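S.K.: could you work out the structure for the sequence below:
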Amino acid sequence: MNNTLSPGLITAILIGYFGLLILMAYLTSRKADTDSFFTGNRQSPWYLVAFGMIGTSLSGVTFISVPGKVFSEGMAYFQIVLGYILGYVVIAQILMPLYYRLNVTSIYEYLNKRFGIVSYKTGAAFFILSRTLGSATRLYLATEVLQMFLFEDLGVPYWVTTLTTIVLIWVYTFKGGVRTIVYTDAFQTIFLVSSVIICTIIIAQTLGVDFSGLYNKITSSSTKNGYSMSRIFFFDDPNSPLYFYKQFFGGMFLAIAMTGLDQDLMQKNLTCKSIGDAQKNMYSFTTILVITNFLFLLLGGALYVYIQSTGLEVPANTDHTFPTLALNNFGSIAGIFFLLGITASSYASADSALTALTTGFCIDFLNFNRREEQQKKRYKLVVHIGFSLLFLLIILATNWYVDTTPGTDLIGLILKLAGYTYGPLLGLFAIGIFTKRVLNEKLVPVVCVLIPALCYFISKYSQAWTGGILQPDGTYLGGYIFGNELLILNGLLTFIGLWFISGRNTSESFLMESK
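M.R.: Got it, this is the predicted structure:
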């Protein structure tokens with residue numbers, strides 16, 4: 001595929017970029033021990049954590065898929081982002097004080113203190129499942145872009161591209177862990193945010209308009225479904241996945257589950273010196289995240305305005321819209337910043353996840369608190385390599401799935417997976433924090449596996465049960481379609497299921513701690 005950047009220039013940019021990451025890793029990991037890897041010695045500046053979490057939260061999927069969705073959904077995704085705000089308030093005021101009070105390294109240690117070892121292992125296992133699937137799927141996009149615009153022309157097989165990507169992440173995270181990640185993610189977020197701003201400015205200049213003129217053009221342009229590309233709020237059809245209350249409250253619970261109940265994002269918060277610093281971090285992060293997501297949507301609208309004004313065709317896979325235009329149509333500067341942005345967004349998410357998964361498995365399943373330092377280092381290395389290989393396998397499987405399933409909405413797929421895998425965590429933490437019930441530990445895994453399966457069944461047949469009309473191709477027209485609110489249903493049903501296998505607790509200690 002021809003593009004404005006030569007393979008030599010792309011290679012030089014990537015070598016320089018990763019050279020800087022490895023240098024930062026070296027400087028931050030000197031004299032590092034396992035406590036540095038897992039907690040950063042609880043000395044991380046809150047402002048660095050807040051800024052770096054932007055890169056971790058957004059990932060390459062947001063970088064590519066959110067702009068791509070504007071052509072079909074307008075700016076409806078911003079409804080989810082507004083829900084995030086309420087979710088982050090819950091995290092800052094309820095969950096984070098609890099984690100700091102209990103002084104946990106893995107947040108799932110709370111479940112052990114509250115219920116017992118089985119609930120603890122169940123929660124930790126669902127985190128590992130959720131984060132492994134989600135992060136590897138996100139990283140897939142970076143490998144796909146590198147393959148399309150560099151390695152394919154050089155005749156390099158896709159699996160080699162993927163393996164190289166995983167090895168590079170492993171190299172700069174294996175020693176310093178979260179202490180290194182706090183700094184490298186802040187560094188990468190700079191490129192992520194600046195690339196979106198610069199590419200948007202370049203599009204506006206290409207179209208001969210200022211920011212206001214660009215927004216007016218987006219507002220006056222239509223999506224493929226006939227409404228304005230700048231449309232955010234959808235109140236007209238409760239059955240639609242875009243309906244405001246589905247998106248808003250789905251976003252709220254996605255934030256609680258995918259940030260507050262996720263070791264990856266919380267591990268960074270727990271590196272702050274105090275709960276006060278951690279809360280400042282969370283509220284600063286929320287503000288920057290909302291602004292950045294809006295910039296992504298604005299960029300998406302600008303991309304499609306450019307396509308319509310030049311008579312180009314919209315790519316069949318909308319995930320390819322941004323990379324295709326940035327690397328083929330907007331000149332070298334846009335191409336360079338796109339390359340830096342997609343690399344930064346993907347690696348900032350994946351390196352953090354790899355560190356968090358290593359931490360979670362070591363603390364939650366290998367009893368690291370009881371081991372000697374040399375044994376910890378040896379086990380940590382093996383686990384780190386193990387998750388790196390698992391990432392490799394999942395990325396290759398995702399590539400196969402996307403190739404055999406045309407039109408796959410990757411960000412939709414990730415949020416859908418989260419609706420199933422984070423529901424049990426929501427239920428477990430909710431019944432622990434807001435009730436005094438004692439669980440029948442043997443039945444906890446049963447409930448946490450059966451409820452997501454039940455939710456899958458409900459989601460699959462919801463249109464048929466609510467008046468949808470069967471079409472010749474086997475799909476339904478009309479009826480109720482589940483969106484992000486599937487996570488709420490999953491968490492609620494898990495909570496009810498756990499209630500039925502629980503008994504009353506006369507001790508109020510954990511209830512008071514939770515509050």
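
S.K.: who touches residue 115 in this structure?
M.R.: Contacts for residue 115 were tallied using Cβ atoms under 8 Å, 6 or more residues apart in numbering; they are 428, 432, 438, 439, 441, 444. To be clear about C-beta, it is placed using only N, CA and C from the backbone, and glycine gets the same treatment.

S.K.: the fourth one touches residue 119, doesn't it?
M.R.: Put plainly, it is residue 439. Yes. Using Cβ atoms under 8 Å, residue 439 is in contact with residue 119, at 6.0 Å.

S.K.: sorry, back to before: ok, of the contacts of residue 115, which come out buried?
M.R.: For the contacts of residue 115, a burial check counting by 16 or more other Cβ atoms under 10 Å picks out 428, 432, 439, 441, 444.

S.K.: can you add pLDDT and distance to residue 269 and give the residues you listed back as TSV?
M.R.: Output for the buried ones among the contacts of residue 115, formatted as TSV (pLDDT from 0 to 100; distance: Cβ to Cβ, whole Å):
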residue	pLDDT	distance to residue 269
428	95	20
432	92	19
439	93	27
441	92	28
444	95	26
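
S.K.: most widely separated two among those?
M.R.: Within these, 432 and 441 form the most distant pair, 12.8 Å apart (Cβ to Cβ).

S.K.: show me which parts of stretch 116-124 are buried, residue by residue.
M.R.: The neighbour-count check on stretch 116-124 (16+ other Cβ under 10 Å) flags 118, 119, 120, 121, 122, 123, 124 as buried.

S.K.: which stretches of this structure form strands?
M.R.: Taking DSSP state E as the criterion, the chain carries its strands at 437-439, 469-470, 476-477, 502-504.

S.K.: deepest-packed of these, please.
M.R.: Ranked by mean neighbour count under mean count of other Cβ atoms under 10 Å, the strands of the chain are led by strand 437-439, which reaches a mean of 18.

S.K.: so what pLDDT did the closest residue to residue 484 other than its chain neighbours get?
M.R.: Counting by Cβ to Cβ, 6 or more residues apart in numbering, the nearest residue to residue 484 once its immediate chain neighbours are dropped is residue 250, at 2.5 Å. If you check residue 250, the pLDDT there is 90.

S.K.: what number of residues lie near residue 250?
M.R.: 25 (other Cβ atoms under 10 Å).

S.K.: surely it and residue 83 touch.
M.R.: Yes. Using Cβ under 8 Å, residue 250 is in contact with residue 83, at 6.5 Å.

S.K.: on that earlier part again, which of the buried ones among the contacts of residue 115 lies closest to residue 158?
M.R.: Distance to residue 158, by Cβ to Cβ, is smallest for residue 428 among those, at 38.1 Å.

S.K.: what's the closest one in contact with, if anything?
M.R.: Residue 428 makes contact with 111, 115, 119, 122, 123, 444, 448, 494, 498 under the criterion Cβ under 8 Å, 6+ apart.

S.K.: also residue 315?
M.R.: Residue 315 neighbours (Cβ under 8 Å, 6+ apart): 321, 324.

S.K.: quick check: phi and psi on residue 274?
M.R.: phi -150, psi 170 (degrees, to the nearest 10).

S.K.: show me the shaky parts of the stretch 301-450 of the chain.
M.R.: Counting by pLDDT under 70, the stretch 301-450 of the chain has low-confidence residues at 345-349, 351-352, 369, 371, 373, 406-411.

S.K.: tell me where it has helices.
M.R.: Under the criterion DSSP state H, counting those that start in this stretch, the stretch 301-450 of the chain contains helices at 321-328, 331-365, 373-404, 410-421, 423-434, 444-465.

S.K.: any chance of the ones you listed in CSV, with distance to residue 197 too?
M.R.: Output for these, formatted as CSV (distance: least, Cβ to Cβ, whole Å):
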stretch, distance to residue 197
helix 321-328, 13
helix 331-365, 9
helix 373-404, 29
helix 410-421, 21
helix 423-434, 35
helix 444-465, 38
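
S.K.: which among those helices is found nearest to residue 16?
M.R.: Short answer: helix 331-365, nearest of those by Cβ to Cβ, at 9.9 Å.

S.K.: report the distance from that closest one to the chain centre.
M.R.: Relative to the chain's own centre, helix 331-365 is displaced by 10 Å; criterion: Cα atoms, centre = their mean, to the nearest Å.

S.K.: now stretch 436-448
M.R.: 28 Å.

S.K.: try stretch 387-401
M.R.: 16 Å.

S.K.: output that stretch as PDB, nothing but the C-alphas.
M.R.: Below are the C-alpha coordinates for stretch 387-401, written out as PDB (Å, rounded to 0.1, in the frame of the first residue of the first chain):
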ATOM      1  CA  PHE A 387       1.300 -13.500  29.800                       C
ATOM      2  CA  SER A 388       3.400 -12.100  26.900                       C
ATOM      3  CA  LEU A 389       2.900 -15.400  25.000                       C
ATOM      4  CA  LEU A 390      -0.800 -15.400  25.800                       C
ATOM      5  CA  PHE A 391      -1.100 -11.900  24.300                       C
ATOM      6  CA  LEU A 392       0.600 -13.200  21.200                       C
ATOM      7  CA  LEU A 393      -1.900 -16.100  20.800                       C
ATOM      8  CA  ILE A 394      -5.000 -13.900  21.400                       C
ATOM      9  CA  ILE A 395      -3.800 -11.200  18.900                       C
ATOM     10  CA  LEU A 396      -3.400 -13.900  16.300                       C
ATOM     11  CA  ALA A 397      -6.800 -15.300  17.100                       C
ATOM     12  CA  THR A 398      -8.300 -11.800  16.900                       C
ATOM     13  CA  ASN A 399      -6.700 -11.300  13.500                       C
ATOM     14  CA  TRP A 400      -8.300 -14.500  12.200                       C
ATOM     15  CA  TYR A 401     -11.700 -13.500  13.600                       C
END
